[in-house]
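Chemist: okay, predicted coordinates and the sequence, questions at the end:
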Amino acid sequence: MRIAVAALSLALSGLLGAPMEAHHRPELLAVGSANLSDWQTYSNARFGTSIDFPAGHFAPGPAPENGDGLRFSGSDGVSGFIIFGRYNVMKLPMSGLIAEDMASEHYDEITYQKWDKGWYVLSGFSGDNIFYRKVILRPVDETIHTFEITYPKAQKEMYDAVVSRMSQSFLSGPASY
């Protein structure tokens, strides 16, 4: 089990561990409502994962070779989110997935936890940022779908509505084998 967790950690390090790359566009450096009004939907063909996001603020990075998801960087150079799917190769129950995430070295403090049948949310602090992570477990095709956004603590009020809308739009579809 430790080997699988370490392998998963290495596999996701490109998504979670690397700093967000800034897409420097001077007109978007100040996060404002105008940047958050143009919403688009990202859909992942491999895992059926989808989410609505403010395209005027978040720009997609390069797609990974395996097609499991995508990283989006905020125009402020600090915020960003990832969305991806993966197979539940260890066949972990939701409690196991939650335990893995809570033990992650990426988080300094988890201040919020919520779960229900088939999904859970963890949120808290990582350095000077807030993170919000939502995970959906689909036992029918043994897949795990993850959305995680990070943003500066100082911009919490502005991001609350953004995170709420993104979280509500986050869906898991069937994986294409």
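Modeler: Good, I have the coordinates. Numbering: from 1, shown residues only.
Chemist: from here on, just use CA atoms for contacts and neighbour counts.
Modeler: Fine.
Chemist: most centrally placed residue in this structure?
Modeler: Residue closest to the average C-alpha location in the chain (Cα atoms, centre = their mean): E148, at 2.1 Å.
Chemist: what residue ranges in the chain score low on pLDDT?
Modeler: Across the chain, the ranges flagged by pLDDT under 70 are 1-35, 177.
Chemist: which residues of it fall in helices?
Modeler: Using DSSP state H, the helices found in the chain span residues 2-16, 94-102, 156-169.
Chemist: G74 against G80, yeah?
Modeler: Yes: assessed by Cα atoms under 8 Å, G74 is found in contact with G80 at 5.0 Å.
Chemist: buried residues, stretch 139-149. List them.
Modeler: Within stretch 139-149, the residues scored as buried using 16 or more other Cα atoms under 10 Å are 142-149.
Chemist: oh, I was asking about stretch 120-128
Modeler: Here stretch 120-128 shows 120-126 as buried, counting by 16+ other Cα under 10 Å.
Chemist: check stretch 150-161 too.
Modeler: 150-153, 159.
Chemist: could those be laid out in JSON lines, adding distance to V135?
Modeler: Below are the buried residues of stretch 150-161 laid out as JSON lines (distance: Cα to Cα, whole Å):
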{"residue": "T150", "distance to V135": "15"}
{"residue": "Y151", "distance to V135": "18"}
{"residue": "P152", "distance to V135": "21"}
{"residue": "K153", "distance to V135": "22"}
{"residue": "Y159", "distance to V135": "19"}
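Chemist: narrow those residues to those in strands?
Modeler: Counting by DSSP state E, the buried residues of stretch 150-161 place 150-152 in strands.
Chemist: show me which of those residues is closest to T111.
Modeler: Nearest to T111, judged by Cα to Cα, of these is T150 at 14.2 Å.
Chemist: next, count neighbours for the residue nearest to the closest one when sequence neighbours are not counted.
Modeler: If the residues on either side of it in the chain are set aside, T150 comes closest to F131, at 4.4 Å by Cα to Cα, 6 or more residues apart in numbering. F131 has 25 neighbouring residues, counting by other Cα atoms under 10 Å.
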